[in-house]
Each structure stands twice: as structure tokens, then as C-alpha cells.
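I'd like to go over a predicted model; first the sequence, then the structure.
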Amino acid sequence: MRQSFRTRARLETLRFILNEAYMLAMMTVIAAVLLAAMFMQYAHGELPCPLCLLQRVAMLGVCFGLMQNFRNGFSDRNLGYSLLFSIFLLVVSVRQTLLDIYPRPGHQYVGSAVLGLHMPVWSILIAVALITAFALKLCIVGTEDGALPPDRRSSFGRLAAAVSLYVIALALVNFGSVVVQCGLGECHTTGYAMLK
Amino acid sequence: MMALIFATLSSALVIGWFGRRGIAILLVAVTLVLAAHLFLWEVHSPIYGFRMPWIQT
């Protein structure tokens, strides 16, 4: 009986650690994707279109839900915010792909292809991967509603804080970049509005 | 409009980091509404509306 209790307690601890690691891995992957997009913008001069910028908003929104888990405790509501933004990412990227799928004057994919796929097509794959990852998390790890955030002094807590701050920095850099590119009006891919 | 969306989103992330959960959630909800509005405005065509006649179904 006591052994069964210990085994169950160990399994619960393992489930909690798996949940934390899973969430942190998701946030790290999204941060890497955003960094790659910014590299293409600043190093290769490929300015993002308005729908591309909305896809960045959606990815940062997914990170908001994940980050809340590490700051204010794990909650199914946070999962809901991330899922909402994942669905928004899917809707925007599918619509952009359908707009540009048949090349015609004024409508073709913006930017260069990566591994043969253009950015909106990659965004569809990312959105589907995110929704699948959340579904798998619920199937395998289950819910951690009400669980406390990791101890901020622990190595995992520090790592989560570092990734969260990195995502905040990415959002702030993107904000500055959007102001320079679009000003307070419409966004164009022909140049930075504030630098003309 | 895009600058406003990024401003509200960045504010939500920063305020959420400092533990003001209620305000952060309000700001992220505003971000989603503004982003959805801008998305609909961007994809609406004066000729085709929301339709995509170049796609055969």
C-alpha cells in the first residue's frame, strides 16, 4: 500500500516535470522561429507583409499563454489563450497561402523560399504542429490546472525566466521594427516608412 | 493599426511578466480583437469581397 503511494507520487512528479519541460520546449521553438524570421528581415532585407506581421503577433500570443504558466502558475485558461492564438495563426496563414497560391499581378509569395516552402506555408505547418502539440500534451501529460510555477531560484525556473525574457525582448524589438516600417499607417514591403 | 497591435501585445507580455495577470489578459484580448479586425480589413477586396474566384472548387 505504502509502495503504491510512493509510486504514484513519483509518477505525479514525473508528470509535472514533463509538463514544465514540454511547455518550455514549445516556447523555445516559437522563439527560434521568430528569430529566424527577424534574421531574414534584417540580414536579407526581406520586409514582412501585413499578414506576415499578424502571424508574428499570433506566435507571440501563443508565447503569452505559455509564459503565464511559468510566472503565475499552470492553468487550463493559459492553454486556452495559446490555443486561440494558434487557431488565429492557422486562419491567417491559410488565407495568405490561398491568396498567393495562384500567381497573378500584385499577388505572389513575398520573400524567398526556405527548403522549398514560402513563409505562409511554413506558418500553416507551425500552426498545425502547435495545435497537435497542445492536443498531445492533454492526451499524454493531462491537465496541470492549479499547479504552482517552478521555483524561480531553481535552475529550471531560471531557464524558464530567461526564455520568457528573451520572448519579451523579441516582442519589443518587433514593436520598434513595426513602428519604423509602418509608422502609424499601413505597412508596405517596399521600404521602412520612417527611413524614407 | 499594426503598431497599436504590437504595442498592446508587448504591454501584455511585460505586464504579465510583472504579475498583473488581469490587466495582461485584458490587453491580450484587445490584441486579438484588433488583429482579427486588421486581418479582415487586409483580406477584403473592393472587387471580390472575401471571395477568392481564382480558386476553382
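Thanks, I have it.

okay, now residue A:25: neighbour count?
Counted with other CB atoms under 10 Å in any protein chain shown, residues neighbouring residue A:25 total 13. Heads up, the C-betas are built off the backbone N, CA and C, glycines and all.

helix or strand right after the longest helix along chain A?
For chain A, the helix with the greatest residue count under DSSP state H is helix A:2-44. Later in the chain than helix A:2-44, the nearest helix or strand by DSSP states H and E is helix A:50-72.

now for residue 5: which residues touch it?
No chain in the question, so chain A it is. The contact partners of residue A:5, by CB atoms under 8 Å, 6 or more residues apart in numbering or on different chains, come to none.

nope, chain B
Contacts for residue B:5 (CB under 8 Å, 6+ apart) come out as A:54, A:57, B:31, B:34-35, B:38.

quick check: phi and psi at the most centrally placed residue in chain B.
When CA atoms, centre = their mean is applied to chain B, the residue found nearest the centroid is residue B:35 (1.0 Å). When read as degrees, to the nearest 10, the backbone of residue B:35 gives phi -70, psi -40.

that one against residue A:88, yeah?
Yes: with contact defined as CB atoms under 8 Å, residue B:35 counts as touching residue A:88 (6.8 Å).

joint contacts of these two?
With CB under 8 Å, 6+ apart as the test, residue B:35 and residue A:88 both reach A:54, A:58.

gap between the nearest residue to residue B:5 once chain neighbours are set aside and residue A:142?
Using CB to CB, 6 or more residues apart in numbering or on different chains and skipping the chain neighbours, the partner closest in space to residue B:5 is residue B:34 (4.9 Å). Distance, residue B:34 to residue A:142, using CB to CB, to the nearest Å: 34 Å.

write out the residues of chain B neighbouring chain A.
Residues of chain B lying close to chain A (CB under 8 Å from any CB of the partner chain) are B:1-3, B:5-7, B:9-10, B:12-14, B:16-17, B:19, B:21, B:24-25, B:28, B:31-32, B:35-36, B:38-39, B:42-43, B:52, B:54-55.

is it true that residue B:28 touches residue A:81?
Yes: proximity of residue B:28 to residue A:81 meets the contact threshold set by CB under 8 Å, at 6.4 Å.

the more surrounded of the two?
residue B:28 (25 against 22).

give me the number of residues near the spatially closest residue to that one that is not a sequence neighbour?
Leaving aside its chain neighbours, residue B:28 sits nearest to residue B:12 (4.2 Å; criterion: CB to CB, 6+ apart). Using other CB under 10 Å, residue B:12 has 28 neighbouring residues.

for residue B:12, give me the pLDDT.
Predicted confidence (pLDDT) at residue B:12: the value is 96.

now do the contacts for it.
Counting by CB under 8 Å, 6+ apart, residue B:12 has contacts A:64, B:24-25, B:27-28, B:31.

residue A:23 now?
A:66, A:69-70, A:137.

what's the answer for residue A:79, then?
Residue A:79 sits next to A:65, A:134, A:138 when contact means CB under 8 Å, 6+ apart.

residues of stretch A:151-166 that come out buried?
The neighbour-count check on stretch A:151-166 (16 or more other CB atoms under 10 Å in any protein chain shown) flags A:159-161, A:163-164, A:166 as buried.
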